[in-house]
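K.L.:
Okay, here's the prediction I keep looking at, along with the sequence it came from:
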Amino acid sequence: QVTLVESGGGLAQPGGSLTLSCRASGFTFAITHMGWYRQSPGKDREFVAAVNWRGDSTYYGDSVKGRFTISRDNTLNKVYLQMHSLKAEDTALYYCGKSRESQFRNFLSGRWFDNWGQGTQVTVAS
């Protein structure tokens, strides 16, 4: 059974930082591409970042490029999202997901993820 558990969300001030973590189990994490997406009320789901199974290739959505960093630790079955220079528009429920893709591509297909966690809330406000 695939299980993805996010943590690390909370309240941050504009310009601040947060680091999200995701613990994965129930599948072969070390050969699976992983990523994060976010959802806020009234907005479409947004692909935030992805990392390939080796951890040496990444993809970022335009709105977070240069501010967020995705990484993974295959020894711990964890994926991380470091978020810096946070903005109010980063406020959302952040989900960790595993990819259905064997190749590291098709990020905006709408079907990149086949499993995701319950999400962790990030609120950016002063």
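P.N.:
Sure, I can see it. Numbers count the residues shown, from 1 in each chain.
K.L.:
The worst-scoring helix or strand of the chain on mean pLDDT pairs with which strands?
P.N.:
Lowest on mean pLDDT, DSSP states H and E among the helices and strands of the chain sits strand 113-116, with a mean of 94. Sheet partners assigned to strand 113-116 using DSSP bridges are listed as strand 92-99 (antiparallel).
K.L.:
Other residues contacting the partner strand?
P.N.:
Strand 92-99 is touched from outside by 2, 4, 6, 9, 20, 22, 24, 27, 32-40, 43, 46, 48, 50, 79, 81, 112-122, with contacts defined as Cβ atoms under 8 Å, 6 or more residues apart in numbering. Just so you know, the C-beta spots here come from the backbone N, C-alpha and C atoms, and that holds for glycine as well.
K.L.:
Okay, now the unreliable bits of the protein?
P.N.:
Counting by pLDDT under 70, the chain contains no low-confidence residues.
K.L.:
In contact with the residue nearest the centre of it, which residues are there?
P.N.:
Most central residue of the chain, judged by C-alpha distance to the mean C-alpha position with Cα atoms, centre = their mean, is Trp36 at 2.0 Å. Residues near Trp36 by Cβ under 8 Å, 6+ apart: 20, 22, 48-50, 70, 79, 81, 94-97.
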